[in-house]
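Visitor: Would you be able to build a 3D model of this:
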Amino acid sequence: SITTVSRALNGYSDVNEKTRSRIKKLADELSYRPNAQAQSLVLKKTNTIGVIISEIKRSNAKDAFAFEVLCGINDRAGELNYDILLFSTNPNKQLKKSYSDLCRERNVDGAILQGLRVSDPYLKEVIDQPHFPCVLIDIPVAGERVGHVTTDNVNGAREAVRHLMELGHRRIAMINGYDEASVSRERLSGYMVALQESGIAYEPALVLDGRFSEEGGTAAMQQILERHPDVTAVFCASDLMALGALRALERAGRSVPDSMSIVGFDDISIASYCSPNLTTVRQEKYELGYQAAQLLIDMLEGRQVRHKVMLPNELIVRDSTSRLP
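Guide: Numbers count the residues shown, from 1 in each chain. Coordinates of the predicted model:
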């Protein structure tokens, strides 16, 4: 019977071993494989999680940030017997297909979202419809079925700027990402805290927008050189923007760190190979993904969880910073 075959293949103990062996032998001969979709309809569970990443672009390949996070998600999900399904999105796609529809159509149990802006439609859906379990990376949203995994952006930025101050710098500019990113706001806050602690007035004109891109970092650094020639150090909210800043300084004939000190954020692989090697704030990108997968699966399986996980970071001092003469 269908029931006997099903129970034999699924390891139930009430099936005679002789019968079980015959059924498995025939299944092997027929190359039979269970239908995962049919099983999920019965169990109401697919053991698949969606990974929704916004703005996957070829130009972002150099920093490999999203890839390292994805590796962490994939490894932990695999260890816990879950598969992942990758979705690429952007604000235009989000207007055409809702977050709920996307997850329902692909029949995933929960989702991890990375790279969303605070203005993105999907983020509003997560807040308004918190019944579907999800974990947000670097986006601070609270809820019973919503988790949040991030690094300590405020303290990381604060430590970066304090390092520059300890080297004697007082005119310190910042190349930030964009205001729609939560991490930009947090790293700006850390920059401001460090200034305040040292009794230095915050000057909005010294904070420029680099859009988290190498080209944006180059353009912002050029503006700093033109408008604020007394600046001696720059804190960049990402390594990619710091690489752009180094390019602008090279073109201007300015040596680093002799005439300008530069600090980045992320510690991407290329940071230790560029010239000069980049002083930066290391965040554990793989661990962000690993912990996001762990948190989501804990929620899916009904375990008690801390809905916010904050990972520490570390200032890595290399050759792009030096003491002010």
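Visitor: Now do the residue lying closest to Y82 once chain neighbours are set aside against A245, distance only.
Guide: Among residues not flanking Y82 along the chain, N47 sits closest, at 5.1 Å (Cβ to Cβ, 6 or more residues apart in numbering). In this view, the C-beta of every residue, glycine as well, is placed from N, C-alpha and C. Per Cβ to Cβ, to the nearest Å, N47 is found 45 Å from A245.
Visitor: quick one: which of the two has more around it?
Guide: A245 (31 against 17; other Cβ atoms under 10 Å).
Visitor: Let's see the helix or strand hosting that one as PDB, backbone CA atoms only.
Guide: Assigned by DSSP states H and E, A245 belongs to helix 239-251. Provided in PDB are the C-alpha atoms of helix 239-251 (Å, rounded to 0.1, in the frame of the first residue of the first chain):
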ATOM      1  CA  ASP A 239      36.900  50.300   3.100                       C
ATOM      2  CA  LEU A 240      35.700  50.700  -0.500                       C
ATOM      3  CA  MET A 241      35.300  54.400   0.000                       C
ATOM      4  CA  ALA A 242      38.700  54.500   1.700                       C
ATOM      5  CA  LEU A 243      40.200  52.900  -1.400                       C
ATOM      6  CA  GLY A 244      38.600  55.700  -3.500                       C
ATOM      7  CA  ALA A 245      40.000  58.300  -1.100                       C
ATOM      8  CA  LEU A 246      43.500  56.800  -1.500                       C
ATOM      9  CA  ARG A 247      43.200  57.100  -5.300                       C
ATOM     10  CA  ALA A 248      42.200  60.800  -5.100                       C
ATOM     11  CA  LEU A 249      45.200  61.500  -2.800                       C
ATOM     12  CA  GLU A 250      47.500  59.700  -5.200                       C
ATOM     13  CA  ARG A 251      46.300  61.700  -8.100                       C
END
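Visitor: Would you indicate which residues of it are buried?
Guide: By neighbour count with 16 or more other Cβ atoms under 10 Å, helix 239-251 contains the buried residues D239, L240, M241, A242, L243, G244, A245, L246, R247, A248, L249.
Visitor: For stretch 120-127, give the mean pLDDT please.
Guide: Mean pLDDT, stretch 120-127: 84.
Visitor: And for stretch 148-165?
Guide: Here the average pLDDT along stretch 148-165 is 98.
Visitor: what does stretch 136-146 contact?
Guide: Contact with stretch 136-146 is made by 69, 112-116, 118, 123, 126-127, 130-135, 147-151, 153, 181-183, 288-289, 292, 299, 307-308, as judged by Cβ atoms under 8 Å, 6 or more residues apart in numbering.
Visitor: still on that earlier bit, would a markdown table of the buried residues of helix 239-251 with distance to V317 and pLDDT be doable?
Guide: Formatted as a markdown table, these follow (distance: Cβ to Cβ, whole Å; pLDDT from 0 to 100):
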| residue | distance to V317 | pLDDT |
| --- | --- | --- |
| D239 | 14 | 97 |
| L240 | 20 | 95 |
| M241 | 19 | 97 |
| A242 | 14 | 98 |
| L243 | 18 | 96 |
| G244 | 21 | 97 |
| A245 | 17 | 98 |
| L246 | 16 | 98 |
| R247 | 22 | 97 |
| A248 | 22 | 98 |
| L249 | 19 | 98 |
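Visitor: okay, those residues in TSV with distance to F87 next?
Guide: Shown next, in TSV, are the buried residues of helix 239-251 (distance: Cβ to Cβ, whole Å):
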residue	distance to F87
D239	26
L240	23
M241	27
A242	30
L243	29
G244	29
A245	33
L246	34
R247	33
A248	36
L249	39
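Visitor: any low-confidence regions in the chain?
Guide: 33-44, 59-60, 130 (pLDDT under 70).
Visitor: And the helices in it, which stretches?
Guide: Taking DSSP state H as the test, the helices found in the chain are 2-9, 17-29, 36-43, 65-79, 91-96, 99-106, 121-128, 153-166, 182-197, 214-227, 239-251, 285-300.
Visitor: need these in CSV with distance to K57, can you?
Guide: Compiled in CSV, the helices of the chain are given as follows (distance: least, Cβ to Cβ, whole Å):
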stretch, distance to K57
helix 2-9, 45
helix 17-29, 45
helix 36-43, 32
helix 65-79, 10
helix 91-96, 14
helix 99-106, 20
helix 121-128, 18
helix 153-166, 22
helix 182-197, 18
helix 214-227, 12
helix 239-251, 12
helix 285-300, 17
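Visitor: To N313, which of these lies closest?
Guide: Distance to N313, taken as Cβ to Cβ, is lowest for helix 153-166 among the helices of the chain, at 4.3 Å.
Visitor: So R162 sits against L195, correct?
Guide: No. If you go by Cβ atoms under 8 Å, R162 and L195 don't touch, sitting 9.8 Å apart.
Visitor: which of those two has more neighbours?
Guide: Ranked by neighbour count (other Cβ under 10 Å), R162 and L195 place L195 first, with 21 against 18.
Visitor: Next, count neighbours for K24.
Guide: By other Cβ under 10 Å, the residues close to K24 number 14.
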